[in-house]
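Colleague: What would the 3D arrangement of this be:
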Amino acid sequence: MARIDDYLTARKLVVKKLSATPFEDILSWSGYLSSTKMTFTIPFLNRTYNVTYPNFSFTDVADANSKVPILEQVLILHYLSSENPPNPTGNWIAYREIPGAGFYFSAFVKRAIDPLKKTFGSNPKALEYAAAQLKATPIDTGDAGFELFVMPLVPVQMIIWEGDEEFDPEANILFDQKVGEILSPEDVAWLASMTVYRLMTLSY
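Modeller: Numbers count the residues shown, from 1 in each chain. Reported below is the predicted structural model:
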């Protein structure tokens, strides 16, 4: 398992790359907005961050004293560094279909699928409530299914099948088929996990 030092190193490396890239280029391909010159406005789930250029410091808009988790920072910075990322295709794939995802599949299941199933498998209404707070769009799949854009070009679908006396609950998380051209398999696993845990928090 990665240590905090590993994430700090990853942040340092991606900031070095981004700081050498023109602000306007990052703005054009990321799909984010600029609140002021040299500052990105970045919604992430139910929070919004201001991210300055070129040092890429993060500030929570709602609470300037709140620390932005290092994993969220690294994930967002990796997204920003994806030069000319493709638009979503509308074709959905499972995590294991992402090129190179096999190595991280067990971690993805443990971090994302299992918590989603355990928390909402017997209570789809709780997922509906939490998803509404993230402005997710209902989809006609499963007993409860939602689609949301975690990042401007990265949609995710969360799906639950409710358990009963005969069958255990099931869950699935789907991604656009182009996600592997924007984020690494490890980043996608973390993105799914962050989304699930935010839904869990919002369900109470």
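
Colleague: What values do phi and psi take at the residue lying closest to Pro88 once chain neighbours are set aside?
Modeller: Leaving aside its chain neighbours, Pro88 sits nearest to Asp176 (4.3 Å; criterion: C-beta to C-beta, 6 or more residues apart in numbering). All C-beta atoms are positioned from the backbone trio N, CA, C, and that covers glycine. When quoted as degrees, to the nearest 10, the phi and psi of Asp176 stand at phi -70, psi 150.

Colleague: Tell me who's in contact with Asp176.
Modeller: Contacts for Asp176 were tallied using C-beta atoms under 8 Å, 6 or more residues apart in numbering; they are Pro88, Thr89, Gly90, Asn91, Trp92, Ile93, Val154, Pro155.

Colleague: in the protein, which spans are helices?
Modeller: If you assign secondary structure with DSSP state H, the helices in the chain sit at 4-19, 23-30, 70-80, 105-108, 114-120, 124-133, 185-202.

Colleague: Would you reformat those as TSV and include distance to Thr36, mean neighbour count and mean pLDDT?
Modeller: Listed next are those as TSV, based on distance: least, C-beta to C-beta, whole Å; neighbours: other C-beta atoms under 10 Å; pLDDT from 0 to 100:
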stretch	distance to Thr36	mean neighbour count	mean pLDDT
helix 4-19	18	14	95
helix 23-30	11	15	95
helix 70-80	17	21	98
helix 105-108	37	16	96
helix 114-120	37	20	97
helix 124-133	28	18	96
helix 185-202	27	21	97
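
Colleague: The ones you listed: which one's closest to Asn55?
Modeller: Closest to Asn55 of these is helix 4-19 (C-beta to C-beta; 7.2 Å).

Colleague: name the helices or strands packed onto that closest one?
Modeller: If contacts are counted by 3 or more C-beta pairs under 8 Å, 6 or more residues apart in numbering; DSSP states H and E, helix 4-19 sits against helix 70-80.

Colleague: quick revisit: so what sits opposite the residue nearest to Pro88 in the bridge?
Modeller: In this structure, Asp176 has beta-bridge partners Trp92, where bridges are defined by DSSP bridges.

Colleague: Okay, the closest residue to Ile42 other than its chain neighbours and Asp143: tell me how far apart.
Modeller: Excluding its sequence neighbours, the residue lying closest to Ile42 (C-beta to C-beta, 6+ apart) is Tyr49, at 4.7 Å. To Asp143, Tyr49 is 33 Å away according to C-beta to C-beta, to the nearest Å.
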